[in-house]
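> give me a model of this one.
(chains A and B)
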Amino acid sequence: NAGVTQTPKFRVLKTGQSMTLLCAQDMNHEYMYWYRQDPGMGLRLIHYSVGEGTTAKGEVPDGYNVSRLKKQNFLLGLESAAPSQTSVYFCASSYLAEDYEQYFGPGTRLTVT
Amino acid sequence: AQKITQTQPGMFVQEKEAVTLDCTYDTSDQSYGLFWYKQPSSGEMIFLIYQGSYDEQNATEGRYSLNFQKARKSANLVISASQLGDSAMYFCAMRDVNSGGSNYKLTFGKGTLLTVNP
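Sure thing, here's the model as predicted:
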């Protein structure tokens, strides 16, 4: 089992460019999540999905879009990157039951110049 | 809205000693879950321990235990016999169940940076 994987690991974008971060999990989890981690802020939820074909907004959704076309994949898109989106992005997944922890990917470090 | 507070930005402990990392939470839900994660300098998020709001006993996992005081709304992590490899950022998180009961988002605290000294 690879668990949760994220592509790419690092990326530098110029302001206004677009990109897509890919998250994949091989644990057959229903729920998937995208977080961003900024210094001194902890992790904040961007968007999440409770199943294939569904998405919902989290705490800080502005400037991001997501899609869950396949159960195992959860994509995070930045249509027009801004310096404020410089952050480390974590994808996570979990089982349906509330007692289970979220499994995290290794993170993607994104810098927007 | 749920809120997690970790009041200790940094903590120091001597190797082999025990350390307590504080976490308080605020929720109006009757059913909730509390999690602790470890983030070493390499960056990955590692799950440590879970406590359910209806669990009567404090959770334990090896050297980790959770001091759960429901009336005080606190869920402190206790690490016994600290090791150098315990040096990391530690996050407390709470499961968020919305009114529909179908979502299980985590709300994270800002973290505590633990340094274990030899």
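
> residues contacting the closest residue to B:Cys23 other than its chain neighbours?
Using CB to CB, 6 or more residues apart in numbering or on different chains and skipping residues adjacent in sequence, the residue nearest B:Cys23 is B:Cys92, 3.5 Å away. Quick note: C-beta positions are derived from backbone N, CA and C, even for glycine. The contact partners of B:Cys92, by CB atoms under 8 Å, 6 or more residues apart in numbering or on different chains, come to B:4, B:6, B:21, B:23, B:25, B:34-36, B:75, B:77, B:108-109.

> whichever strand or helix holds B:Cys92 pairs with which strands, and in what direction?
Assigned by DSSP states H and E, B:Cys92 falls within strand B:88-96. Strand pairing for strand B:88-96, determined by DSSP bridges: strand B:33-39 (antiparallel), strand B:105-108 (antiparallel), strand B:112-117 (antiparallel).

> quick one, what contacts the most centrally placed residue in chain A?
Nearest residue to the geometric centre of chain A (CA atoms, centre = their mean): A:Trp34, 2.9 Å. With contacts defined as CB under 8 Å, 6+ apart, A:Trp34 is in contact with A:21, A:23, A:45-48, A:58, A:64, A:66, A:74, A:76, A:89-91.

> and it, which helix or strand is it part of?
strand A:31-38.

> ok, residue 2 - how many residues close by?
Unless you meant another one, I'm taking chain A. The local packing of A:Ala2 (other CB atoms under 10 Å in any protein chain shown) involves 9 other residues.

> that's the wrong chain, I wanted chain B
Based on other CB under 10 Å, the number of other residues close to B:Gln2 is 18.

> thinking it is in contact with B:Ala93, fair?
No: between B:Gln2 and B:Ala93 there is no contact under CB atoms under 8 Å: 9.7 Å.

> so what sits against both of these two?
B:Thr107.

> and residue 91, what are its bridge partners?
Reading this off chain A. Taking DSSP bridges as the rule, A:Cys91 bridges to A:Trp34.

> nope, chain B
So, taking DSSP bridges as the rule, B:Phe91 has B:Tyr37 as bridge partners.

> about what we covered before: any of the contacts of B:Cys92 buried? List them.
Using 16 or more other CB atoms under 10 Å in any protein chain shown as the burial test, the contacts of B:Cys92 include B:4, B:6, B:21, B:23, B:25, B:34-36, B:75, B:77, B:108-109 as buried.

> ok, the residue nearest to B:Cys23 to B:Asn76 distance?
Going from B:Cys92 to B:Asn76 by CB to CB, to the nearest Å gives 9 Å.
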